[in-house]
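Undergrad: dropping a prediction and its sequence here:
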Amino acid sequence: MGEEIDDEPETDGGIRAYTVRLELVDEPGELLRALAPIADNGGNLLSIHHERGNITPRGHIPVEVDLECPPDRFDAVVDGLRDAGVNVIQAGAERYGEEVSVVLVGHLVETDLSETLEAIEADAAAAVVDLSLAAPDGVDAVSSARLRLAVDSGRVEDAIAAVRSIADERDLSVVEPLPGGDA
Amino acid sequence: MRLAVLGAGAVGRSVAELAGEYGHEVVALADSRHATVDADGIDVSSALERKDAGDALGSATPEELFETDYDVLVEATPTTLGDAEPGFSHVRRALEDDRHAVLANKGPVAERYEELRDLEHESAGSIRFEATVGGAIPILSTIEDSTPEAVTAVRGVLNGTANFILTRMAAEGLDYEHVLSEAQDLGVAEADPTFDVDGTDAALKFVILANVLADGGFSLEDADVTGIQNVPGSALELAAEDGRTIRLIGEATRDGVRVGPRLVPENGALAVTGTRNIVQIETRHAGSLHNSGRGAGGPETATAVLSDVGRLPPL
Ligand SMILES: NC(=O)c1ccc[n+]([C@@H]2O[C@H](COP(=O)([O-])OP(=O)(O)OC[C@H]3O[C@@H](n4cnc5c(N)ncnc54)[C@H](OP(=O)(O)O)[C@@H]3O)[C@@H](O)[C@H]2O)c1
């Protein structure tokens, strides 16, 4: 990830561009409210990708915001967003945001998969960014689901522990990734 | 060195057969009921021929093995859990008699590590147990060479049967039961594969590794173990769509032992195929080392036993 920092477009005077991923409730005025803390904290909004068609399992709309600010202001921008109650999924790939995959196995449909996903998003402080379900023997049998989760850096272990306990409650098993095993 | 080999199964007989090539002499060989003992060196092949023909290995009792003049006891009787008997008592007896002991038997080093080290402390002899972890692969000696203090974690695949099953399931899209019976037909899985597929065998090895890293403190009871019995083919399929696969991975650190099915990159080092084993040794100063090879088999395991014998100091 260290290399990615060098690829970031950099402007004169030490201003740097960042991408922040947010999740917004689909309500009028929500976008404006969400973006106010950016300017309030010295950031400059560059562009907004509002992916309306793409709704998260919790019914929220993912939004990608490009902004620029001096590097030492960026933390304040992100904190400002969080203080305003905005769900920040990923903020500047070099500092925040890791993606991890887990596979859940068990009676996924019977135990209400969407409720399981909601619990994960709530308790694991993670966003389910991708979901694949394989139920070759029908929905009544054991099936598997692969979830890709976006998690704050440094919180991966916590998020996985939360996924594990949510799965335990529902008698599902989790095939976890192996941190450090990629080397 | 003069070897007394206890156990004449896959490992014990290979040790006895290969000892000469390594410059050692076998003065006793025993199975559960009989022994053959000769201070000038036993005739290994005729003893094994007798055993293969259904006769006694020799006219001595296993007890007489301990009474011979030997330098190293090779403990290759079945691995048992809990009190790790009778293996533990065999090793204790050797140490109390001021002899060395080299173990292939995982039980005593996984379940009663501190007691063994205490006995070793009081003895002129010492213990070695490379063969208990990963068959032919030099793992404990690699850790010893890097010094255990400089090793932060050991991760990897140390059960060939489970790895074979997961590899076949992923490659052929077959389910667990199907591949297991295929593995049994091929002789890769035993008639009772419980300890291989439920993670116990791998856990014993990672418990031994944790004991080496932390200088004791762990037994099987302390390990968090999940097997592969409940991994469906669909989970492997989903993993593959994402460039990953599932392997039964163990982890040993000074903080604990964990064994379970984990997602690993499909082309990553730990995703070995078939019955192959691998460990990643994470070091403080030298990054990660990977040792891979055959983790089981009579001659393979015997080479680990015999290199241990070669590392022992003269008594
Ligand atoms: N096979 C491998 O690849 C491998 C790899 C690493 C470690 N190990 C470990 O090495 C040990 C031996 O494995 P193996 O595959 O050779 O097992 P095995 O084929 O089952 O042989 C066990 C041998 O031990 C003998 N035995 C049982 N109880 C005894 C007793 N009380 N006193 C003396 N001999 C006794 C048996 O006698 P009988 O012949 O009379 O039954 C047999 O000859 C096990 O602890 C195993 O976990 C094996």
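TA: In hand now; what should we look at? Residues are numbered from 1 along each chain as shown, chains lettered A, B, ... in the order given.

Undergrad: what mean pLDDT does the helix ranked longest in chain A get?
TA: Assignment by DSSP state H gives helix A:156-169 as the longest helix of chain A. Here helix A:156-169 scores 92 as its mean pLDDT.

Undergrad: give me the buried positions along it.
TA: Across helix A:156-169, burial judged by 16 or more other C-beta atoms under 10 Å in any protein chain shown covers A:156, A:159-160, A:162-164, A:166-167. All C-beta spots, glycine's among them, are computed from the backbone N, C-alpha and C.

Undergrad: now stretch A:127-141
TA: Buried residues in stretch A:127-141 (16+ other C-beta under 10 Å): A:127-129, A:132-135.

Undergrad: mean confidence for it?
TA: Stretch A:127-141 shows a mean pLDDT of 86.

Undergrad: for the buried residues of stretch A:127-141, which one is nearest B:L263?
TA: A:S132 (13.2 Å; C-beta to C-beta).

Undergrad: how is the chain carved up into domains?
TA: This is for chain A. A:2-91, A:98-175 (automatic domain parsing).

Undergrad: hmm, I had chain B in mind actually
TA: If you go by automatic domain parsing, chain B breaks into B:2-136+B:298-311, B:141-294.

Undergrad: any idea which of those gets closest to the ligand?
TA: Minimum separation from the ligand across those (C-beta to the nearest ligand atom) falls at domain B:2-136+B:298-311, 1.8 Å.

Undergrad: what's the end-to-end length of that closest one?
TA: Chord length of domain B:2-136+B:298-311, first to last residue, is 14 Å (C-alpha to C-alpha, to the nearest Å).

Undergrad: what residues does the stretch 151-300 of chain B have near chain A?
TA: B:153, B:155, B:226, B:230-235, B:237-239, B:241-242, B:244, B:246, B:249, B:251, B:260-265, B:268-270, B:280, B:282, B:287-288 (C-beta under 8 Å from any C-beta of the partner chain).

Undergrad: for the buried residues of stretch A:127-141, work out which two are farthest apart.
TA: That would be A:A127 and A:A135, which, of the buried residues of stretch A:127-141, are the farthest apart (C-beta to C-beta) at 23.6 Å.

Undergrad: near chain B, which residues of chain A show up?
TA: A:101-103, A:105, A:132, A:134-136, A:142-146, A:148, A:173, A:175-178, A:180-183.

Undergrad: how about 7 Å then?
TA: Within chain A, the residues that sit near chain B (C-beta under 7 Å from any C-beta of the partner chain) are A:101, A:103, A:105, A:132, A:134, A:136, A:142-144, A:146, A:173, A:175-178, A:181-183.

Undergrad: correct me, but B:K106 touches B:L204?
TA: Yes: counting by C-beta atoms under 7 Å, B:K106 touches B:L204, with 4.5 Å between them.

Undergrad: for the ligand, tell me which of the buried residues of stretch A:127-141 show up nearby.
TA: Checked against the ligand using C-beta under 6 Å from any ligand atom, the buried residues of stretch A:127-141 give no members in range.

Undergrad: what is the nearest of these to B:L116?
TA: Nearest member of these to B:L116, counting by C-beta to C-beta, is A:A134, at 47.0 Å.

Undergrad: list the beta-bridge partners for the closest one.
TA: Counting by DSSP bridges, A:A134 forms beta bridges with A:S144.

Undergrad: residues contacting it?
TA: For A:A134, the contacting residues are A:143-144, B:234, B:237-238, by C-beta atoms under 7 Å, 6 or more residues apart in numbering or on different chains.

Undergrad: rerun that using 10 Å as the cut-off
TA: A:103, A:105, A:108, A:143-146, B:232-238, B:241 (C-beta atoms under 10 Å, 6 or more residues apart in numbering or on different chains).

Undergrad: same question, A:L104
TA: A:111, A:113, A:116-117, A:120, A:131, A:133, A:143-147, A:163, A:166-167, A:170, A:172-175, B:235, B:238.

Undergrad: so which strand or helix has it?
TA: strand A:98-106 (DSSP states H and E).

Undergrad: same thing with B:A235?
TA: Going by DSSP H and E, B:A235 is in helix B:233-241.

Undergrad: likewise for B:V91?
TA: B:V91 belongs to helix B:87-96, assigned by DSSP H and E.

Undergrad: is the ligand within reach of that helix?
TA: No: figure legend: helix B:87-96 not in contact with the ligand (C-beta under 6 Å from any ligand atom); closest approach 7.0 Å.

Undergrad: and that helix, what's buried?
TA: The neighbour-count check on helix B:87-96 (16+ other C-beta under 10 Å) flags B:87-88, B:90-92, B:94-95 as buried.

Undergrad: for chain A, state which of those is nearest.
TA: Chain A has its nearest neighbour among the buried residues of helix B:87-96 in B:G87, at 32.0 Å by C-beta to the nearest C-beta.

Undergrad: so what's the closest one up against?
TA: By C-beta under 10 Å, 6+ apart, the neighbours of B:G87 are B:6-7, B:75-80, B:101, B:103-109, B:111-112.

Undergrad: follow-up on the earlier one: tell me which of the domains of chain A is the most buried.
TA: Highest mean neighbour count of the domains of chain A: domain A:98-175, a mean of 18 (counted as mean count of other C-beta atoms under 10 Å in any protein chain shown).

Undergrad: next, the distance between the ends of that domain.
TA: 18 Å.

Undergrad: again with stretch B:64-82
TA: The straight-line separation of the ends of stretch B:64-82 (C-alpha to C-alpha) is 27 Å.

Undergrad: which parts of it are buried?
TA: Buried, per 16+ other C-beta under 10 Å, within stretch B:64-82: B:64-66, B:68, B:70-77, B:79-80.

Undergrad: spell out which parts of chain B neighbour the ligand.
TA: Near the ligand, when you scan chain B using C-beta under 6 Å from any ligand atom, you find B:6-12, B:30-33, B:62, B:76-79, B:86, B:104-106, B:131-132, B:135, B:296-297, B:301.

Undergrad: can you flag which of those residues belong to helices?
TA: Filtering the residues of chain B next to the ligand for helices - DSSP H - leaves B:10-12, B:62, B:106, B:301.

Undergrad: can you put the residues you listed in JSON lines and add distance to A:I38 and pLDDT?
TA: Below are these laid out as JSON lines (distance: C-beta to C-beta, whole Å; pLDDT from 0 to 100):
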{"residue": "B:A10", "distance to A:I38": "68", "pLDDT": "97"}
{"residue": "B:V11", "distance to A:I38": "67", "pLDDT": "98"}
{"residue": "B:G12", "distance to A:I38": "72", "pLDDT": "98"}
{"residue": "B:P62", "distance to A:I38": "80", "pLDDT": "96"}
{"residue": "B:K106", "distance to A:I38": "59", "pLDDT": "98"}
{"residue": "B:T301", "distance to A:I38": "63", "pLDDT": "97"}
